[in-house]
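S.K.: Sequence first, predicted model second:
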Amino acid sequence: MNILTVIIAILCFGVIIMIHEAGHFFVAKKSGIRVLEFSIGMGPAIISKKKGETKYSLRALPIGGYCAMEGEDESSKDPRAFRNQAVWKRMLVTVAGAVMNLILGFFLIILVICLDTAVYTTRVAEFHTDKDGNDISTSSQWLQPGDRFVEINGLTIFTATDISYALKNDTCDTFTVVVERNGQRVTLEDVKFLDTKTNGLLDFYVQGEKKSFTTIMPYTCKTFVSTARLIWISLLDLIRGKYGFHDLSGVVGIIDTTTEFVAQSETLREKALTLFDLMSFITINVGIFNLIPFPALDGGRLVFLIIEAIRRKQIPARIEGTIHFVGLAVLMLLMIAVTFQDILKIFQR
């Protein structure tokens with residue numbers, strides 16, 4: 001395992017956390033809220049410096065961070081305390097971290113597309129052939145060059161990545177495919193995808209377009225929506241039991257996976273493309289995960305603020321603080337268990 005690659009992966013994850021906490025920090029400052037500490041990482045402090053009323057810290061464990069505000073989980077007589085601000089201000093501060101993650105993800109997607117050789121569409125270019133030019137694809141019996149994928153087994157196709165996901169995520173042998181052909185929607189039943197030489201499901205190539213503002217921006221938006229949807233689908237699959245605890249990964253697993261994928265890339269451009277692509281997925285994941293309405297997460301805090309806005313009355317700080325503390329304890333236990341599992345996977349491999 002390349003140490004430099006590991007360090008870069010750790011730094012990239014740190015940037016994602018820093019961006020998240022910076023969202024809370026800057027909006028809190030602009031709202032006049034007293035910020036006690038801005039920390040990147042958890043555990044003992046490596047570097048700590050106080051500037052003005054705020055302490056800035058870099059801590060030993062790159063597994064998170066926090067922006068501690070006066071009166072966040074307790075009553076305070078300080079007029080600049082978090083709970084003493086208007087509810088709309090507190091809502092903005094609460095969602096700012098996740099929003100910054102999503103914005104970072106959007107710009108990283110643009111960067112990935114610009115680094116790639118072309119903007120890939122969802123139209124069939126041609127089918128796999130052997131060295132003699134013989135067709136070795138199965139889907140050519142149903143699909144035609146120029147067909148644009150619309151749906152696969154009910155999943156709307158936005159990007160070429162959606163095609164790969166739809167084919168690999170379902171366990172069925174055949175697929176119901178909706179394509180746009182000559183301006184008409186055509187439904188194809190029992191389509192089989194198979195490269196008869198490699199036994200891979202992807203037995204065709206998609207068309208590429210030249211990079212320009214008019215191709216990059218629409219594809220960026222589609223990729224962003226596709227990534228966010230994929231994260232929600234994965235969360236729902238986890239709840240339904242399709243994925244188990246052994247499928248979860250924490251910070252160690254994320255860094256290990258990032259290192260592994262980057263190491264597999266050959267050129268510097270490919271390594272950068274892989275790294276930024278994974279970063280875009282991770283930061284969008286962090287943004288969406290934090291908006292889940294679970295205690296201690298930003299989404300859980302937002303729920304309390306919405307209830308307060310409807311009731312026009314704050315929930316007692318003691319009650320809200322206790323609920324968030326329990327939620328944080330559950331999350332920390334889960335994080336420890338997942339991290340232990342990630343380490344075991346590395347040693348087993």
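M.R.: All right, it came through fine.

S.K.: With only the CA atoms kept, save stretch 146-161 in CSV.
M.R.: What follows is stretch 146-161 as a C-alpha-only set of coordinates in CSV (Å, rounded to 0.1, in the frame of the first residue of the first chain):
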residue,chain,number,x,y,z
GLY,A,146,-28.3,5.1,-31.4
ASP,A,147,-30.8,3.8,-28.9
ARG,A,148,-30.9,6.0,-25.8
PHE,A,149,-31.6,4.3,-22.5
VAL,A,150,-34.6,5.7,-20.6
GLU,A,151,-35.3,3.0,-18.0
ILE,A,152,-33.9,-0.4,-17.0
ASN,A,153,-36.2,-2.4,-14.7
GLY,A,154,-38.0,0.7,-13.8
LEU,A,155,-34.9,2.7,-12.9
THR,A,156,-34.7,6.0,-14.7
ILE,A,157,-31.3,6.3,-16.5
PHE,A,158,-29.6,9.6,-16.2
THR,A,159,-26.0,8.7,-16.9
ALA,A,160,-23.8,5.8,-18.2
THR,A,161,-23.0,5.0,-14.6
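
S.K.: Now it: buried residues?
M.R.: 147-152, 155, 157-161 (16 or more other Cβ atoms under 10 Å). For every residue, glycine as well, the C-beta is placed using N, CA and C.

S.K.: same check, this time on stretch 91-109
M.R.: Within stretch 91-109, the residues that qualify as buried by neighbour count (16+ other Cβ under 10 Å) are 91-102, 104-106, 108-109.

S.K.: Just these: which are in helices?
M.R.: Counting by DSSP state H, the members of these that fall within helices are 91-102, 104-106, 108-109.

S.K.: ranges for the helices of the stretch 201-349 of the chain?
M.R.: For the stretch 201-349 of the chain, the helices defined by DSSP state H, counting those that start in this stretch cover 213-240, 251-264, 268-290, 298-311, 317-348.

S.K.: Give me the neighbour count for G32.
M.R.: For G32, the count of nearby residues is 10 (other Cβ atoms under 10 Å).

S.K.: thought it was touching N84?
M.R.: No. With contact defined as Cβ atoms under 8 Å, G32 does not reach N84; the gap is 10.1 Å.

S.K.: could I have stretch 113-124 exported to CSV, CA atoms only?
M.R.: This file holds the C-alpha atoms of stretch 113-124, laid out as CSV (Å, rounded to 0.1, in the frame of the first residue of the first chain):
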residue,chain,number,x,y,z
ILE,A,113,-15.9,15.4,-16.4
CYS,A,114,-13.3,18.0,-17.5
LEU,A,115,-10.5,15.5,-16.7
ASP,A,116,-12.2,12.7,-18.6
THR,A,117,-11.6,12.2,-22.4
ALA,A,118,-15.3,12.9,-23.3
VAL,A,119,-18.8,13.5,-22.0
TYR,A,120,-20.4,10.1,-22.1
THR,A,121,-24.0,9.8,-23.1
THR,A,122,-26.6,7.0,-22.5
ARG,A,123,-26.8,6.2,-26.2
VAL,A,124,-25.6,2.9,-27.6
